[in-house]
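In: got a predicted structure here, sequence first:
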Amino acid sequence: MPLDAICLSAVKEELLGQILGMKIDKVSQPERDVLILFLRGKAGQTCRLLISAGADDARLHLTEFKFDNPKEPPMFCMLLRKHITGARILDITQPPAERVLSLRLETSDALGIRAEKHLIVEMIGRMSSVILKDSDGIIIDCLRRIGGDLTGKRSVLPGLVYRDPPEQVGKLNPLNITNAELYGLLEAAIKRKSDEHVEKWLISSFTAFSPLICREIVWRAYGETDYRLSAINDGGKELQKTFMEIIRQVKSGGCEPWLITSERNNPRDFSFTHIRQYESAFKATREKSFSGLLDSFYTKSTKEKRSNQRSSVTLKSMTTARDRLIRKLETQRIELEEASGQDYFRECGDIITSNMHLMKKGQTVLVAEDYFSENGKVREIKLDSLKTPQQNAAKYYKAYIKAKNARKFLTEQIGNGEKELEYVESVIEQILRIENDNDLDEIRSELISTRYLRQKHNKSQMHKKGNKQKSKNHEALFHRFISSTGNPIYVGKNNTQNDRLTLKTAAKTDIWLHAQKTHGAHVIVSCVSSPLDEQTLKEASSIAAFYSAARSDRKVPVDYTLVKNVKKPSGGRPGMVIYNDYKTIIAEPDEELVVRLRVE
């Protein structure tokens with residue numbers, strides 16, 4: 001993983017200057033492997049410390065993201081609340097070249113006697129864990145219990161003495177190596193005339209360096225990442241020089257938070273030094289802090305991944321409904337096109353009626369003047385030989401009435417189907433941008449009321465139903481923002497909230513915004529305390545563009561008008577409105593602006 005021991009050391013140094021002396025105000029465990037410590041300082045400042053023991057995303061850093069807590073806290077979370085709530089952070093330590101951090105805490109027991117406890121975060125792949133031990137080194141409990149066998153392997157269980165993770169055999173700490181020692185290792189490796197990649201040799205010889213850093217050292221030395229030991233012809237001088245430059249940077253406190261992103265700004269990698277090996281393929285950006293770096297790389301992508309997993313069933317149901325609607329509309333349009341020849345049947349009936357005196361029973365074809373054509377052509381009309389002329393005429397008139405009714409019915413059905421398709425697509429767009437379980441629950445409730453999903457009768461559902469009324473008019477349900485000039489801005493998270501926000505919560509003199517001719521959230525600018533200004537309008541339109549299906553576009557037209565001009569059409573689905581007397585502004589979706597202005 002890119003969070004190697006050196007990068008972790010930089011995170012530790014940053015945290016020492018931020019959270020030392022702060023008290024643990026609250027503990028939560030929103031995910032199985034994730035803990036959040038709510039910290040409070042003497043001056044009233046607050047922050048959230050995220051601890052993850054995931055196999056692929058173990059880490060420790062401050063976070064700006066908010067998590068939903070489970071209705072019942074896990075046992076380990078309850079134990080931590082008992083032991084470390086109110087504890088003061090005295091120090092953060094790290095064993096040399098290890099991916100382990102220990103928070104030394106000052107706590108008080110039930111009798112008010114001061115004691116020390118240690119919260120240890122081990123970030124070692126599948127064995128990652130969070131361990132609480134007392135001042136005597138006895139494990140109180142741990143997030144992931146290990147051991148119990150007779151093989152002599154390290155056990156991590158409550159009641160045992162805590163032991164540090166075993167050192168990596170045969171690997172050296174690069175921070176302790178001298179120039180002479182490095183030269184000797186290189187000389188021995190080159191003499192073996194091995195065809196091994198230099199990157200692999202670095203990984204197998206030293207701890208603390210991630211594969212990314214090993215490749216970077218090789219690239220800086222030889223201009224490529226797949227260089228082999230057998231190709232070195234300078235005695236390894238360039239490799240030695242580059243290696244020691246990295247070591248000097250680390251020892252002098254010169255570690256910097258660098259994030260590597262793709263062309264679409266998707267996080268790809270990160271490091272404590274400027275990574276140049278990707279050249280123009282990826283973009284390297286220096287972040288403001290290591291916590292911000294880890295938040296951008298891990299927390300955002302992990303939350304999106306988990307939200308996608310939770311919403312996948314609902315998304316699949318709505319995608320299936322959308323595809324079914326599309327196929328139905330295509331069939332109806334074909335039928336409508338076929339029914340568009342209704343006048344032909346009426347004309348045939350009229351021609352038969354006009355020529356009855358010339359027709360005979362048993363006739364199969366009537367050839368008569370087509371007085372409906374401009375130049376008086378002849379029309380051949382097929383007849384039923386078993387029917388009389390009057391019955392043949394009645395047959396065509398009946399076909400005319402049937403086609404006329406079908407055309408009227410299909411036109412109406414296609415219109416309704418197009419509105420329904422628009423609604424379903426709006427729900428799909430909202431599912432793709434949910435942020436937590438509460439958002440998904442609201443969307444599912446809406447889909448149950450519109451009969452797209454079935455109601456599940458169980459205790460948890462009854463519990464949700466009982467709590468629904470309680471939070472119905474709570475403003476915190478909406479996304480909330482404050483513009484640069486102080487105007488509150490509210491954004492609906494789903495169709496139900498859009499209706500509630502626009503039709504019930506907003507004042508008639510507030511400003512309503514929506515991305516033009518695409519699916520998106522209703523945005524309200526509150527103008528109760530101060531009128532709308534140009535800066536607020538620009539920011540609100542950018543927010544409306546961001547919370548729409550056109551988020552990936554550079555320029556998005558956004559309509560805005562007074563709330564009093566927005567109405568609910570008769571029989572309209574949730575979120576569907578009509579509006580008039582509006583203006584349009586061209587906005588640019590700006591995620592940075594959205595994050596900066598958001599207050600909840």
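Out: Arrived safely, thanks for sending. From a predicted model like this one, the values you see are computed outputs, not experimental measurements.
In: please parse this structure into its domains.
Out: Dividing the chain into domains by automatic domain parsing, as the record does, gives the ranges 5-142, 174-286, 312-470, 477-597.
In: residue 298: which of these is closest?
Out: The closest approach between residue 298 and any of the domains of the chain, judged by CB to CB, belongs to domain 5-142 at 4.9 Å. All C-beta spots, glycine's among them, are computed from the backbone N, C-alpha and C.
In: among the domains of the chain, which gets the worst mean confidence?
Out: For the domains of the chain, the stretch scoring lowest in mean pLDDT is domain 312-470; its value is a mean of 84.
In: how far does that one sit from its chain's centre?
Out: Domain 312-470 has its average C-alpha position 38 Å from the chain's average C-alpha position, going by CA atoms, centre = their mean, to the nearest Å.
In: secondary structure class for residue 398?
Out: Going by DSSP: H, G, I helix; E, B strand; the rest coil, the secondary structure assigned to residue 398 is helix.
In: any chance you could map the helices in the stretch 351-500 of the chain?
Out: Defined through DSSP state H, counting those that start in this stretch, the helices belonging to the stretch 351-500 of the chain, from first to last, are 389-432, 437-449, 459-468, 495-499.
In: please identify the deepest-packed of the ones you listed.
Out: Each of these was given a mean neighbour count from mean count of other CB atoms under 10 Å, and the largest, a mean of 23, is that of helix 495-499.
In: any idea how far the nearest residue to residue 244 once chain neighbours are set aside lies from residue 338?
Out: Counting by CB to CB, 6 or more residues apart in numbering, the nearest residue to residue 244 once its immediate chain neighbours are dropped is residue 179, at 6.5 Å. Distance of residue 179 to residue 338, given as CB to CB, to the nearest Å: 86 Å.
In: same question for residue 53.
Out: Computed with CB to CB, the distance linking residue 53 and residue 338 is 64 Å.
In: more neighbours: which of these two?
Out: Set side by side, residue 53 and residue 338 show more neighbours around residue 53, with 25 against 12, by other CB atoms under 10 Å.
In: thought the more buried one was touching residue 126?
Out: No. Proximity of residue 53 to residue 126 does not meet the contact threshold set by CB atoms under 8 Å, at 10.3 Å.
In: hmm, back to that, residue 294 is nearest to which of the domains of the chain?
Out: Put simply, out of the domains of the chain the one that sits nearest residue 294 is domain 5-142, at 4.3 Å, with distance taken as CB to CB.
In: show the contacting residues for the closest residue to residue 231 other than its chain neighbours.
Out: Counting by CB to CB, 6+ apart, residue 222 is the residue found nearest to residue 231 once chain neighbours are left out, at 7.9 Å. Residue 222 makes contact with 198, 231, 238-239, according to CB atoms under 8 Å, 6 or more residues apart in numbering.
In: what's the burial count for the nearest residue to residue 123 once chain neighbours are set aside?
Out: Using CB to CB, 6+ apart and skipping residues adjacent in sequence, the residue nearest residue 123 is residue 58, 3.7 Å away. Neighbour count of residue 58, defined by other CB under 10 Å: 25.
In: distance of residue 58 from residue 67?
Out: Using CB to CB, one gets 17 Å for the distance from residue 58 to residue 67.
In: surely residue 301 touches residue 265?
Out: No. Residue 301 is not in contact with residue 265 according to CB under 8 Å; the separation is 11.7 Å.
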